[in-house]
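Engineer: A predicted structure for the sequence below; I have some questions about it.
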Amino acid sequence: MVLYVLKRVLQAAGVMLFVAFISFVLFNYVGDPVNNMVGQEATIEDREALRERLGLNDPVVVQFSRFVAHALEGHFGISYRLQRPVKDLIAERLPATLELVFSSAILALALGIPLGIYTGLHRDTWLSRLILSSSLAGVSLPTFVIGILLIYVFSVSLNLLPSYGRGEVVQITGSWSTGFLTVSGWKAIILPSITLCLYQLTLILRIVRAEMMEVLLTDYIKFARARGLTDRAINFGHALKNTLVPVITVTGLQIGSLIAFSIITETVFQWPGMGFLFIQAVHFADVPIMAAYMVLVALFFVIINLIVDLLYFVVDPRLRIERTVTIG
Amino acid sequence: MRGFIFKGIFVVFLACVMVAPATAENVLRWASQGDPLTYDPHSANESPTIGASTQVYEALINRNWKLEKEPSLAVSWKIVNPTTWEFKLRKGVSFHDGTPFTAEDVAFTVKRANGETSEFRNYIKSVVETKTIDDYTIQFITSGPNPILADQLTYVFIMSKKWCEKHGVMEATSFKDKEETYAVRHANGTGPFMLQLREPDIKTILVKNPNWWGLKQNPHNIDKIIYTPITNAATRVAALLSGEIDFLLDPPLQDLGRIKKNPDLKVQQTAQIRTIFYGVDQGIKELRSSNIKGKNPFKDPRVRKAMHMAIDIDAIHKKVMRGMSVPANVMTPPGVHGYPEDLDKQRPPYNPEKAKKLLAEADYPNGFEVSLDCPNNRYNNDEKICQATVGMLGKIGINVNLVAQPKSLHFPKITGRKSDFYMLGWGVATLDSHYVFTYLLDSEGPWNGSMYHNPRVDELTRAMEVEMDLGKRDKMIREVWEIITEEQVYIPLHHQVIAWGMSKRLEMPMEPNDQPQFRWARLK
């Protein structure tokens, strides 16, 4: 067991290093930050001096090893664009992204599961057809179109909800702020979380529906019916429980991609999260932020995958036996 | 129990609603695409950042909304001899933290702005020494005669020496330290507004400086300014249309109609100090991206003239820019000292037949191939202008391969002399033609991607840097404009027009450099 975990952790570290290196190589194609940092009056010598000061003249390998060395000390440098330490910036933006992801995930589950059950149980009603076909629209429309559409309806036409930002936030600790304690914060999170959750919602809805339909055909459901149990007890007590296993797995994995791919939603709604920070950094060629973000997202995925791997290890006894055999 | 919790939450909600302040102060909420990079006034020479600095900090000399120089922290100035300028400073001015403003702060600022990590050295590097005569009189000694020092000084914002010492910000951000400097998110100027809250990319709040010396001349009634950057253009417009903001600096051209239709909103527009043009590399022996080998077609002025003539600028003006441009024949707009109005009006009419003839005369009857480098996130509709140009040049046989890239990739190609044919827009910071010549036409100009080299232009450009006789200097400026228009060194397109979307409650004059000055604003 310990050996297995150790092996996975080592693999994870290797993946992170590799991601960091690849992103570093790619940064050479994003453009020249120096040009964004100095005015048009700067002479060629001024530019060269700044480039030298930032260490941009060194070979990629040198820049990369310097980055890793600094990262191990827990410091990612100063953002070229905002002139502030990258780790402070990320720490400040992380709560916004996590809150958005959290509310989207809750929304996706709270709507996806009941709708999935309904469409699974009542396959041929017009309401089921409506839900299914509109969920198809939700999954095929690009996120930014949905976002703009929602803004147009709820902010511009109805004037109900704010079109941008996070509303008033309350500082809980040094860098952790929350929008959940103010009215404007709640209002502000509605549209972005709907936008972000639509895809996951559809996914969960369809999984629940398919699983439900499959489970309802199994023998133990037939047996339960034969026992004369109520529909309610069969559907929710027996069928639903057995459909939830894949839903939990998928939700867990999707949280990683929600964090990583909230970029578009954050840009449309000017949501001050990490994804937004990253996209701004790309426009500016702000290498320190891009590098730190890439590593962080890789870290999220690696951790989630590690947990999933470990869960398999716990759940599936066959894995354990195999190990013992190979080791023995 | 559950009911109790819900009631509790409801009470908290209600409390939040009721706590929300309902005061009668005038709050101006506005937005634009980008955020200032820093509040350190010597650290980033970038237009929105300078615009932010001017709300909080002041220079010795200011520009009014017509861009005329007027006294600010200096009440008067005179040239004692060609290399000595004397400034009389305003008395009774204090910084936001209450420390009085004196000549010591000016001397300190000159040193700080001249420091190695300052991005404003170019505006102040001619000043090699300062001499403090008394608390309110200071002399600047320049390395040589500098006729445009007063124009340059409008960009040098005065900081408090005591404040900088206290917070360890004696120099601008160096990017080498591990921590941010105090001046990045804090400011202490003498200007009309004080920085209250700074959350980069999220929100910046300024409040009125009740002790500002200029309140009598500029009786604005803004108590608080809340600025939010909104990157996405559609979201920005939505925020204005839904009344969440009062002022939008940069509405997309295609949305101006919708803003005008809204009964609560208006659109204000004015010509900007920025001209968009194409540059072609006429220095290199053989173009990098062309099928013509062994020679460079752009070396022939007839080719450049043909291209100029083949661009249907009226179509670009009407279709691409939706009327928001002024077709140009020189690379500088009205409002810049030495602007040759007659030359600017003499743009040759669109004439593809004549252009073809010119190309044939220059020995390219079948045209040639070339790549056009174009930015896609810098100027109004930049990429669309380039796309239109590709079609127009195609008609006279010049096959253009369009390379549209973000500015971080585009501009290094020009400063690195790696582009055959490119789009560039040029604003004139000092509002003097010399600024155009020294960067774009001088053979050593950092932005002279055209590789144009004319000894006479070099000579004139350098002579006007030290010519204190303004009459003679104006003649030199005129001569350069005539030479380069005759030789068609660049291919000018148009002067940009800026449009602001704003609430009808707001009255604010427009500055042609697109930096809103809230000291002149009034909210009804």
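Structural biologist: Received, thanks. Residues are numbered from 1 along each chain as shown, chains lettered A, B, ... in the order given.

Engineer: pull up the residues of the stretch 151-300 of chain A that are close to chain B.
Structural biologist: A:151-152, A:155-156, A:159, A:162-166, A:181-183, A:267-270, A:272, A:276-277, A:279-280, A:283-285 (CB under 8 Å from any CB of the partner chain). C-beta here means a position set from N, CA and C on the backbone, and glycine is covered the same way.

Engineer: past the one helix or strand A:Ala49 maps to, which element shows up next along the chain?
Structural biologist: Here A:Ala49, judged by DSSP states H and E, is contained in helix A:44-54. Next along the chain after helix A:44-54, taking DSSP H and E as the criterion, comes helix A:60-72.

Engineer: next SSE downstream of that following helix?
Structural biologist: Using DSSP H and E, the first helix or strand after helix A:60-72 is helix A:86-121.

Engineer: on that earlier part again, take the residues of the stretch 151-300 of chain A next to chain B and keep only those in helices.
Structural biologist: A:183, A:267-268, A:276-277, A:279-280, A:283-284 (DSSP state H).

Engineer: that older thread, any of the residues of the stretch 151-300 of chain A next to chain B buried? List them.
Structural biologist: A:151-152, A:155-156, A:162-166, A:182-183, A:267-270, A:272, A:276-277, A:279-280, A:283-285 (16 or more other CB atoms under 10 Å in any protein chain shown).

Engineer: how near is the closest residue to B:Gly323 other than its chain neighbours to B:Asn381?
Structural biologist: Computed as CB to CB, 6 or more residues apart in numbering or on different chains, the closest residue to B:Gly323 that is not its neighbour in sequence is B:His317, at 6.7 Å. Using CB to CB, to the nearest Å, B:His317 is found at 11 Å from B:Asn381.

Engineer: what does B:His453 give?
Structural biologist: For B:His453, the distance to B:Asn381 - CB to CB - is 32 Å.

Engineer: neighbour count winner among these two?
Structural biologist: B:Asn381 (21 against 14; other CB atoms under 10 Å in any protein chain shown).

Engineer: let me see the contact set for that one.
Structural biologist: B:253, B:320-321 (CB atoms under 8 Å, 6 or more residues apart in numbering or on different chains).

Engineer: adding distance to chain A, write those residues out as TSV.
Structural biologist: As requested, the contacts of B:Asn381 are exported to TSV (distance: CB to the nearest CB, whole Å):
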residue	distance to chain A
B:Leu253	18
B:Val320	23
B:Met321	23
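
Engineer: in strands, which of those fall?
Structural biologist: With strands taken from DSSP state E, there is no overlap with those.

Engineer: which one of the residues you listed sits closest to A:Gly116?
Structural biologist: Nearest to A:Gly116 among these is B:Leu253, at 45.6 Å by CB to CB.

Engineer: how much space between that closest one and B:Met324?
Structural biologist: Distance from B:Leu253 to B:Met324, by CB to CB: 5 Å.

Engineer: what's the overlap in contacts for those two?
Structural biologist: B:380, B:499.

Engineer: confirm that B:Val267 sits in a strand.
Structural biologist: Yes: counting by DSSP: H, G, I helix; E, B strand; the rest coil, B:Val267 is part of a strand.

Engineer: where's it relative to chain A, distance?
Structural biologist: 17 Å (CB to the nearest CB, to the nearest Å).

Engineer: before we move on, what about B:Ser53?
Structural biologist: For B:Ser53, the distance to chain A - CB to the nearest CB - is 13 Å.

Engineer: B:Ile498 now?
Structural biologist: 18 Å.

Engineer: any idea whether that residue is helix, strand or coil?
Structural biologist: Going by three-state DSSP: B:Ile498 is strand.

Engineer: count of neighbours near B:Ile483?
Structural biologist: 15.

Engineer: check contacts around it.
Structural biologist: Counting by CB under 8 Å, 6+ apart, B:Ile483 makes contact with B:454, B:456-457.

Engineer: got it, and B:Met510?
Structural biologist: B:65, B:268-270, B:498, B:500, B:516.

Engineer: same thing but at 7 Å, please
Structural biologist: Shown in contact with B:Met510 (CB atoms under 7 Å, 6 or more residues apart in numbering or on different chains): B:268, B:270, B:500.

Engineer: no more questions from me, cheers.
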